[in-house]
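>>> here is the input, now give the coordinates:
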Amino acid sequence: MIEQYVQALIQEIKFTPTADQGLETVYFGGGTPSLLTAEQVNRVMTALEKRFGIKAAAEVTMECNPGTVSLETLRGYRQAGVNRISLGVQAFQEELLARCGRSHGVQEVYEAVEAIKRTDFQNFSVDLIFGLPHQTMEHWHASMQAALDLEPQHISAYDLILEEGTPFERDYQPGTTPLPSEDQSVAMYCEMLQFFPSRGYTLYEISNFAQPGYASQHNQVYWKNESYYGLGLGATGYVRQQRVTRPRKLVDYFNFVAQDTFPEKAPTSIEDQLAETLMLGLRLVQGISLEQLEKTFGGDSVVRVLSQCKGFIQRGWMEITGEQRLCLTVPTGFLFSNEVLVELL
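Numbering: from 1, shown residues only. The predicted structure is shown next:
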């Protein structure tokens, strides 16, 4: 089935309209792309090169789960053009990994990192999750320190999200089962805002830290609401102001590819573009340039946005910097970001 999927993905690449400029980033993500063989990754990269072109300095990321990669596999990915690894660690406690339904253990995390370093990847990221069932502040401190000891160039740390309809969501409900309280999750978040920056990692987005020069180039495309191709099962692309999502079920995706035709959609409205720019850009510590906002959407839109933000600025959740950038404050604004965005949107 994996090979059938790879063939469908390559076929989709062939009929996707191009924007006539080489790719600056490529990101293999969603699910467990590290189940692909190096040969399959190479074929996908070759198809991308033929269709779109890939710039020489492009950042090419592969999401990997510990236990799914070996030294041989990573060497193959490296030869195929992958130059950045994002490792889904999540936690450093066996019992927490088991409760998450993760297929790897702590030892496999260390084995994966050793293989990454032996393959001479100069850029790898570690993913952590806080707010897990039975997770304590002691667990969180230990996981943050263990992640730091791996010496990654980038660290992502996300609050647990209970996706509706999943077994995890049915088994765990805040307040009735062993999930940390909201106050405990907030404390974990605030703790990491102190911990990683004091050790050389700069917070540049709500959940992301990087050593100088290693902020994720690919993810910043999303947060700046710039154009990107979305290819494969369930992926969403955003090119020429058209946001197109592929089917989320495999049989529907195969049928979509079999049509051999790219679906045309009406461009997103100016109002939607403004809303998306705010929703995404305010995730960044640097926020949004008011000058750029005015150039793109006009002075009236800026006046309207600032009027809506006035109350948040007074409460200390938002600020306008000396560089005339609108941003959420750290940490208070980030903690109330959902409330701010609901009001703005």
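
>>> ok, longest helix in the chain?
Of all the segments of type helix in the chain, defined by DSSP state H, the longest one is helix 299-315.

>>> for that one, packing partners?
With contacts defined as 3 or more CB pairs under 8 Å, 6 or more residues apart in numbering; DSSP states H and E, the packing partners of helix 299-315 are helix 270-281, helix 290-297, strand 318-320, strand 325-328, helix 337-344. All C-beta spots, glycine's among them, are computed from the backbone N, C-alpha and C.

>>> what mean pLDDT does the last one get?
Averaged across helix 337-344, pLDDT comes to 92.

>>> with only the CA atoms kept, save that helix in PDB.
The C-alpha atoms that make up helix 337-344 are tabulated as PDB, following Å, rounded to 0.1, in the frame of the first residue of the first chain:
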ATOM      1  CA  SER A 337      -4.000  33.900  22.000                       C
ATOM      2  CA  ASN A 338      -7.100  31.800  21.200                       C
ATOM      3  CA  GLU A 339      -9.300  34.400  22.900                       C
ATOM      4  CA  VAL A 340      -7.600  37.200  21.000                       C
ATOM      5  CA  LEU A 341      -7.900  35.400  17.600                       C
ATOM      6  CA  VAL A 342     -11.600  34.600  18.100                       C
ATOM      7  CA  GLU A 343     -12.300  38.300  18.800                       C
ATOM      8  CA  LEU A 344     -10.200  39.400  15.800                       C
END
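
>>> surely A187 is within a helix?
Yes. When DSSP: H, G, I helix; E, B strand; the rest coil is applied, A187 is found to be in a helix.

>>> returning to that earlier point: residues making contact with the longest helix of the chain?
Contacts of helix 299-315 from elsewhere in the structure, counted by CB atoms under 8 Å, 6 or more residues apart in numbering, are 274, 278, 290, 293-294, 318-320, 326, 333, 340, 343-344.

>>> and the next element down the chain from the one helix or strand E108 maps to?
E108 is part of helix 106-118, with elements assigned from DSSP states H and E. Under the assignment DSSP H and E, the closest C-terminal helix or strand after helix 106-118 is strand 124-130.

>>> center of this structure, which residue is that?
Closest to where the C-alpha atoms of the chain average out (CA atoms, centre = their mean) is N219, at 5.7 Å.

>>> can you tell me the SS state at that residue?
At N219 the chain is in helix, as set by three-state DSSP.

>>> before we move on, back to that, buried stuff in the helix holding E108?
Within helix 106-118, the residues that qualify as buried by neighbour count (16 or more other CB atoms under 10 Å) are V106, E108, V109, Y110, E111, A112, V113, A115, I116.

>>> ok, now how distant is the last one from P33?
Plainly put, I116 is 15 Å away from P33 if you go by CB to CB, to the nearest Å.

>>> and the residue lying closest to V257 once chain neighbours are set aside, what does it touch?
Nearest residue to V257, sequence neighbours excluded (CB to CB, 6 or more residues apart in numbering): A8, at 4.5 Å. With contacts defined as CB under 8 Å, 6+ apart, the neighbours of A8 are Y253, F254, V257.

>>> in the helix or strand harbouring the last one, what's buried?
Element membership for V257 (DSSP H and E) is helix 250-258. Of the residues in helix 250-258, those scored as buried under the neighbour-count criterion (16+ other CB under 10 Å) are Y253, F254, F256, V257.

>>> need the residues that contact it.
For helix 250-258, the surrounding residues in contact (CB under 8 Å, 6+ apart) are M1, Q4, Y5, A8, Q11, E12, G232, L233, G234, R246, P247.

>>> same check, this time on stretch 28-45
Counting contacts by CB under 8 Å, 6+ apart, the residues touching stretch 28-45 from outside are 2-3, 6, 9-10, 13, 26, 54, 60-65, 68-69, 72-73, 75-77, 79-82, 86, 232-235.

>>> alright, I will stop here.
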